[in-house]
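In: here's a sequence, model it:
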Amino acid sequence: MTKCKLMKGLMGATALTVLSTGTAFAQNNFTSAGETVSNTFTLDYEVNNTPQTQIENSGTPTQFNVDRLVNVTVSSPGDTNVVADQNDALLPFVVVNNGNDSHAYLLGFEQAGGDDFNTETPSTTPDIIFYSEADDLDGDGALSETERAAGTAQNYNTTPGSVNIPVLAADERVFVYVRQNIPAAQADADQSGILLYANTQTVTGGSGTTLTYTETLGDTDGNDANALTVENVLADEDGPAITNDTGPASDGAHSARGNYIVESPNVTASKEVYGLTAATVGTCDAIPALGSYTKPTSSTEYYTPNSCVEYIIEVSNAGAQEATNIDLTDILPENLTFRQAAVRGDLILSPTAPVGNLSTPSGGQDCDGTVTSACTVALTNATLAAGTPGTPTVGYLVIRATID
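Out: Residues are numbered from 1 along each chain as shown. Okay, here's the model as predicted:
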């Protein structure tokens, strides 16, 4: 199907220039398509200082109807960091109607190709969801994670009988998310590009009838033979999509690229035990507060009965993604009496249940093998922020006990 670009003299060229240099979220406030613009004039003159009959066209004003400017813009707010084997990862886009009339938009996406990997079909269908502009509660033209959580996701679906595609008024936008699975074999920094495209559609049909969506085409004769006829003027830019937005510009479609980038946590853990100084034996239950705790570097006491020992499970993250849902279980050996346990360093407990995330035996419980369950220290649902290979984040589960 052939599409064409229509430039209507100086006015059309000026409109195209404005759209090309504008921002995606600017409010154009264009005159609506189909609106009639009328004007009149009067001319007064004299002959030999004698006023003559006024010439005017108030009875037959000059009129034209504003043509339909068709301009859709697709943009990517940013890439999405993912981990290998992640399901239903969302990649955001924004589709804006920068024209002066309402239009529907068929959406789709392509794999950019030439990247480290292609994504996979998501566990949850469909592949595309979208949110309306009403979900943008602060009106800043972007959808925050908080706004998305509070909003209503709409499943994009073009199956006959269950059509659900966005219809946007002039200057309106929709927040679109591509949903895909990430293959399990991907390494850090691997990238996969997604090209989302939006194709402008003209909707026919109404209440009680099946809606029909057809591609919106520009005027084919290349001129404005009738000023009162509303023509389609295609004014979109060319996008990067390989198959569905191949150009040239002004074809009623636009596209943008977003990227899935693999960034995994790099978590390691180790366990050590230290004999504390004699002065600490009497205060074995009192682990220093978060800001005061310092990990021992060596034992300063023999491991004799009634002395205090400190077990430290150290967890570090040198990866670019935070590690979440960290669960740690430590079963104390026989011949110990549990005294205290605490989380220190960069390990963060859930703010909704910080106490419940660290379960311990009752203070002073003997761990002699007869009541093993009572001697288990369990940490659940902790988080360790992202770090770097040179500066990992480090957290500790600290357990104190006395030797029987």
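In: residues in contact with stretch 359-378: which ones?
Out: 285, 327-341, 358, 380, 397, 399, 401, 404 (Cβ atoms under 8 Å, 6 or more residues apart in numbering). No exception for glycine: its C-beta is placed from N, CA and C like everyone else's.
In: please disregard the earlier target; I meant stretch 131-149.
Out: Contacts of stretch 131-149 (Cβ under 8 Å, 6+ apart): 24-25, 77, 92, 94, 150-154, 166, 172-175, 177.
In: of these, just the buried ones, ChimeraX syntax please.
Out: Entered in ChimeraX, the line below selects the buried ones among those, by 16 or more other Cβ atoms under 10 Å:
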select :25,77,92,94,151,154,166,172,173,174,175,177
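In: return the member of the contacts of stretch 131-149 nearest to Thr60.
Out: Glu172 (37.5 Å; Cβ to Cβ).
In: I'd say that closest one and Gly99 touch.
Out: No - judged on Cβ atoms under 8 Å, Glu172 makes no contact with Gly99 at a distance of 10.2 Å.
In: enumerate the positions of stretch 197-208 that are buried.
Out: 197-203.
In: contact partners for Leu347?
Out: 315, 326, 379, 382-384, 395-397.
In: would you list the residues you listed in JSON lines and tack on secondary structure?
Out: Output for the contacts of Leu347, formatted as JSON lines (DSSP: H, G, I helix; E, B strand; the rest coil):
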{"residue": "Val315", "secondary structure": "strand"}
{"residue": "Ile326", "secondary structure": "strand"}
{"residue": "Leu379", "secondary structure": "strand"}
{"residue": "Ala382", "secondary structure": "strand"}
{"residue": "Thr383", "secondary structure": "strand"}
{"residue": "Leu384", "secondary structure": "strand"}
{"residue": "Gly395", "secondary structure": "strand"}
{"residue": "Tyr396", "secondary structure": "strand"}
{"residue": "Leu397", "secondary structure": "strand"}
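In: of the residues you listed, buried ones?
Out: 315, 326, 379, 382-384, 395-397.
In: save those residues as TSV, and put in distance to Asn48 and pLDDT too.
Out: As requested, those are exported to TSV (distance: Cβ to Cβ, whole Å; pLDDT from 0 to 100):
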residue	distance to Asn48	pLDDT
Val315	103	96
Ile326	101	93
Leu379	106	92
Ala382	100	92
Thr383	95	92
Leu384	98	93
Gly395	101	94
Tyr396	106	95
Leu397	108	95
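In: wait, which of those is closest to Gly114?
Out: For the buried ones among the contacts of Leu347, the nearest to Gly114 is Leu384 (34.7 Å; Cβ to Cβ).
In: quick one: stretch 244-253 to chain centroid distance?
Out: Remark: stretch 244-253 is offset 26 Å from the chain centroid, using Cα atoms, centre = their mean, to the nearest Å.
In: need the residues that contact it.
Out: Contacts of stretch 244-253 (Cβ under 8 Å, 6+ apart): 3, 5, 16, 70, 72, 108, 110, 195, 197-200, 215-218, 234-239, 241, 254-255.
In: try it again at 6 Å.
Out: 3, 5, 70, 197, 199-200, 216, 234-239, 255 (Cβ atoms under 6 Å, 6 or more residues apart in numbering).
In: least confident pick among those?
Out: Checking pLDDT across these, the minimum falls on Lys5 at 35.
In: out of the contacts of stretch 244-253, which end up buried?
Out: Members of the contacts of stretch 244-253 classed as buried by 16+ other Cβ under 10 Å are 3, 5, 70, 197, 199-200, 216, 234-237, 239, 255.
In: now the buried ones among the contacts of Leu347 in JSON lines, with distance to Gly247?
Out: Shown next, in JSON lines, are those (distance: Cβ to Cβ, whole Å):
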{"residue": "Val315", "distance to Gly247": "52"}
{"residue": "Ile326", "distance to Gly247": "49"}
{"residue": "Leu379", "distance to Gly247": "56"}
{"residue": "Ala382", "distance to Gly247": "51"}
{"residue": "Thr383", "distance to Gly247": "46"}
{"residue": "Leu384", "distance to Gly247": "47"}
{"residue": "Gly395", "distance to Gly247": "52"}
{"residue": "Tyr396", "distance to Gly247": "58"}
{"residue": "Leu397", "distance to Gly247": "58"}
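In: closest to Lys271 among these?
Out: For those, the nearest to Lys271 is Leu397 (9.0 Å; Cβ to Cβ).
In: could you measure from the residue nearest to Asn164 when sequence neighbours are not counted over to Ser350?
Out: The shortest distance from Asn164 to any non-neighbouring residue, by Cβ to Cβ, 6 or more residues apart in numbering, is to Asn157 (4.7 Å). Per Cβ to Cβ, to the nearest Å, Asn157 is found 36 Å from Ser350.
In: what of Leu91?
Out: 28 Å.
In: now swap in Gln154 and tell me
Out: Gln154 is 31 Å from Ser350, by Cβ to Cβ.
In: would a markdown table of the contacts of stretch 244-253 with distance to Phe130 and secondary structure be doable?
Out: Listed next are the contacts of stretch 244-253 as a markdown table, based on distance: Cβ to Cβ, whole Å; DSSP: H, G, I helix; E, B strand; the rest coil:
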| residue | distance to Phe130 | secondary structure |
| --- | --- | --- |
| Lys3 | 25 | coil |
| Lys5 | 28 | coil |
| Val70 | 20 | strand |
| Tyr197 | 14 | strand |
| Asn199 | 15 | strand |
| Thr200 | 16 | strand |
| Thr216 | 19 | coil |
| Leu234 | 23 | strand |
| Ala235 | 23 | coil |
| Asp236 | 19 | coil |
| Glu237 | 21 | coil |
| Asp238 | 23 | coil |
| Gly239 | 18 | coil |
| Ser255 | 16 | strand |
